[in-house]
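Peer 1: Structure for this input, please:
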Amino acid sequence: MRQIDEQRITAMAPNANAVNNARKISRGNGFIKWERSADDTYYAGQCKGSGSSVYTVSADFIDGSAPLCRCSCPSRQFPCKHGLALLMEMTQDRQWELCEIPEDILSKRAKKEAREAKKEEHGEESFGDGAVRGRETKKVNRTARIKKLNKQLEGLDLAEQMVKELLEAGLGTLKGTSVKVYQDLAKQLGDHYLPGPQRMIQSLALQVQMLEGTGTGGRAASGPVTAGGSATGGSYGAQAAAGGSGDYREAVRILVYLRALIKKSRNYLEEKRKEDRLEDDNSVLYEEMGGIWTLNRLNGLGLKKEDARLVQLSFDVYADMSRREIVDKGWWIDVDSGELSVTFNYRPLKALKYVKAEDTTFQMVKTPVLTYYPGTGNRRIRWESQEFETVTDEIRSTIREYGAASLKTAVKSAKNELKNTMSDGLYGCLIWFDHLGRSKAGAGEGYILVDREGQTIELLNPDGNRHLDRRPGILPDREFCTGQVMFGVLWYDGKRQNICMQPHSIITEKEILRLLY
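Peer 2: Residues are numbered from 1 along each chain as shown. Here you go, the predicted structure:
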């Protein structure tokens, strides 16, 4: 009998509702028949549906790391709740009858094997740097690429003109009918294959609208806004800590980011045109210019690691209205190297029912191939298949060893990334701390982290919606407050003109206590 745990089933689910509905089916005796093959690669069942209908459900384990669920129900989710319920039935004490594997399943297996063999025969081709790509690259349509490149340069001219007008007139003019004009411009940039600048203009309009809605728009500077030292750190998708104070700090920061993005994007495109280099590359600007990264393309560029072990340190779900998407964000540590990375799962608001939602993972993930996105600092990662293992005391001990010995060391590593105009202004790190204490300036509300050398850093949030900085006061045990390792995100607070830290989790020898999950 094949073993499967609920963590693995949950990871396969498209969303939390599918998992809950699957539990109801399993616990409510929704199945009336259970079958499995002698080699344990095929499981099937008959499940009661709505009315008098009965659905045929199966799970194919020919690829042990990624079971394939099939169901005769009309659901558009994959796997559906009946497929997940069948997997949950495998964790129960059911009487499974032996059966032969149906011919249609064997036929589908044969077709899949043929496809894989064809990929191996025609797809592996070496790059100049010795990397191997897993799929044959499509021929570059030079005429179409040149046309797209010229269209993008035209769009950058439109965006640059908008920035110039705002710098001359001041952000106070970005209100009323002006906001509508810039929203229309954002749509035009989408037609020019410029999702990066388009998103930034949408963020700028949303930020100013938010300030206007709170009645603080009248405090906007009416004179010209310089692109110099007015920018603050922090993620462009979130409000700065000072965002609710009535100033335009975050709007100015977005404008500075946009100006830098336009400048670097123009240089990038003009260089490609000058050198007649129309193929894809591993530039961080590729995605901002409308490119779509696939696993095969990233792996072909050598941005991968084999046999990786990952542990999730925090997880969050938030709405990015500039993208019109729900974002699932996870922070992960590579157990073997100590590298901290992030995962992003984007779910369009218009298609939430059909896009799989990610969830908190408390077990260690093992993946045969870990894929990286281009970038610096905490790079984005992806993987296709995974297995789960328990996070042992030994693994937690290994993670703790990667912690920086002092704040000075951690901040030194973060400074270059925080100064980079094109970064999101966030830097994840592990730090050993002596204890957590009260902030004198916080009137009993705030907290500070004190390292082993007596240096301190304020625990603050880069946005006003989360109160992670107050959670050290409600920890279940005081042992979490002394002599442990904290995972947090360093960011620059332009109002205080200091680097602060948002606490995410505390790693002890016995557990990982999450403040964000």
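Peer 1: Look at Leu310 and give its secondary structure.
Peer 2: Secondary structure state of Leu310, per DSSP: H, G, I helix; E, B strand; the rest coil, is strand.
Peer 1: so it touches Val365, yeah?
Peer 2: Yes. Counting by CB atoms under 8 Å, Leu310 touches Val365, with 4.5 Å between them. For every residue, glycine as well, the C-beta is placed using N, CA and C.
Peer 1: hey, what's in contact with both of the two?
Peer 2: With contacts taken as CB atoms under 8 Å, 6 or more residues apart in numbering, the residues that reach both Leu310 and Val365 are Trp332.
Peer 1: These two - which one has more neighbours?
Peer 2: Leu310 (23 against 20; other CB atoms under 10 Å).
Peer 1: Could you give the bridge partners of that one?
Peer 2: For Leu310, the beta-bridge partners under DSSP bridges are Asp334, Val365.
Peer 1: From Asp336, how far out is it?
Peer 2: 9 Å (CB to CB, to the nearest Å).
Peer 1: ok, now Asn378?
Peer 2: Distance of Asn378 to Asp336, given as CB to CB: 17 Å.
Peer 1: try Arg199
Peer 2: Shown here: Arg199 relative to Asp336, a distance of 35 Å by CB to CB.
Peer 1: of those two, who's got more company?
Peer 2: For Arg199 and Asp336, the more surrounded residue by other CB under 10 Å is Arg199, and the numbers stand at 22 against 12.
Peer 1: Could you check which helix or strand contains the closest residue to the more buried one other than its chain neighbours?
Peer 2: Leaving aside its sequence neighbours, Arg199 sits nearest to Ser322 (CB to CB, 6 or more residues apart in numbering; 5.0 Å). For Ser322, there is no host helix or strand (DSSP states H and E).
Peer 1: burial measure for Ser322, as a count.
Peer 2: 20.
Peer 1: quick one: contacts for it?
Peer 2: Contacts for Ser322 (CB under 8 Å, 6+ apart) come out as 199-200, 202-203, 206, 237.
Peer 1: among the residues you listed, which ones are buried?
Peer 2: 199-200, 202-203, 206, 237 (16 or more other CB atoms under 10 Å).
Peer 1: Glu35: which of those residues is nearest?
Peer 2: Gly237 (48.6 Å; CB to CB).
Peer 1: can you give me the helices for the stretch 251-400 of the chain?
Peer 2: 285-288, 295-300, 393-401 (DSSP state H, counting those that start in this stretch).
Peer 1: Ser397 touches Glu509, doesn't it?
Peer 2: Yes. Counting by CB under 8 Å, Ser397 touches Glu509, with 6.3 Å between them.
Peer 1: for the chain, which spans come out with low pLDDT?
Peer 2: 65, 121-140, 171-172, 174-178, 211-247, 280, 440-445, 463-473, 517 (pLDDT under 70).
Peer 1: Outline the domain layout of it.
Peer 2: 4-113, 142-212+244-291, 301-390, 399-512 (the TED database).
Peer 1: could you redo those domains as TSV and give each row distance to Glu120?
Peer 2: Output for these, formatted as TSV (distance: least, CB to CB, whole Å):
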stretch	distance to Glu120
domain 4-113	11
domain 142-212+244-291	22
domain 301-390	15
domain 399-512	37
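Peer 1: helix or strand for Pro462, which one?
Peer 2: Assessed by DSSP H and E, Pro462 sits outside every helix and strand.
Peer 1: Now do the strands in the stretch 201-350 of the chain.
Peer 2: 304-320, 325-334, 340-348 (DSSP state E, counting those that start in this stretch).
Peer 1: Name the stretch among these that sits most buried.
Peer 2: The densest packing among these, expressed as mean neighbour count by mean count of other CB atoms under 10 Å, is seen in strand 325-334 with a mean of 20.
Peer 1: between that one and strand 340-348, how big is the angle?
Peer 2: Angle, strand 325-334 to strand 340-348, by axes from the mean of the first three to the mean of the last three CA atoms, to 10 degrees: 160 degrees.
Peer 1: Make 471 the starting number, not 1.
Peer 2: In the new numbering, first residue 471, that becomes strand 795-804.
Peer 1: now strand 795-804: how far from the chain's centre is it?
Peer 2: Centroid displacement of strand 795-804 relative to its chain, using CA atoms, centre = their mean, to the nearest Å, is 4 Å.
Peer 1: do stretch 529-540 as well
Peer 2: Centroid separation for stretch 529-540 versus its chain: 26 Å, with CA atoms, centre = their mean.
Peer 1: With stretch 886-905 instead?
Peer 2: How far stretch 886-905 lies from its chain's middle: 17 Å, per CA atoms, centre = their mean.
Peer 1: One more: stretch 775-794?
Peer 2: Centre to centre, stretch against its chain (CA atoms, centre = their mean), the figure for stretch 775-794 is 3 Å.
Peer 1: And for stretch 814-832?
Peer 2: Counting by CA atoms, centre = their mean, stretch 814-832 comes out at 10 Å from the chain centroid.
Peer 1: So Ala529 versus Tyr512, what's the distance?
Peer 2: For Ala529 relative to Tyr512 (CB to CB), the value is 8 Å.
Peer 1: repeat for Asp475
Peer 2: Where Tyr512 is concerned, Asp475 sits at a distance of 20 Å (CB to CB).
Peer 1: Pairing partners for the residue most central in space within the chain in the sheet, please.
Peer 2: Residue closest to the average C-alpha location in the chain (CA atoms, centre = their mean): Phe814, at 1.3 Å. Note on Phe814: beta-bridge partners Lys799, judged by DSSP bridges.
Peer 1: Beyond whatever helix or strand Thr480 lives in, next helix or strand please.
Peer 2: Element membership for Thr480 (DSSP H and E) is helix 476-482. Remark: after helix 476-482, the chain's next helix or strand is helix 486-497, criterion DSSP H and E.
Peer 1: now what about that next one, what contacts it?
Peer 2: The contact list for helix 486-497 (CB under 8 Å, 6+ apart) reads 479-480, 483, 500-501, 517, 547, 549-552, 554-555, 557-559, 562, 827, 829.
Peer 1: Narrow those residues to those that are buried.
Peer 2: 479-480, 483, 500-501, 517, 547, 549-552, 554-555, 557-559, 827, 829.
Peer 1: from those residues, which ones fall inside strands?
Peer 2: Within the buried ones among the contacts of helix 486-497, residues falling in strands by DSSP state E are 501, 517.
Peer 1: Which residue ranges of the stretch 521-670 of the chain form helices?
Peer 2: 551-559, 573-593, 612-639, 647-661, 665-683.
Peer 1: Looking at the ones you listed, which is nearest to Gly916?
Peer 2: Smallest distance to Gly916 across these (CB to CB): 24.6 Å, for helix 665-683.
Peer 1: The closest one relative to helix 612-639, how many degrees between them?
Peer 2: Using the same axes, to 10 degrees: helix 665-683 against helix 612-639 is 30 degrees.
Peer 1: List the buried residues of helix 665-683.
Peer 2: For helix 665-683, a neighbour-count test (16+ other CB under 10 Å) marks 665-678, 680-682 as buried.
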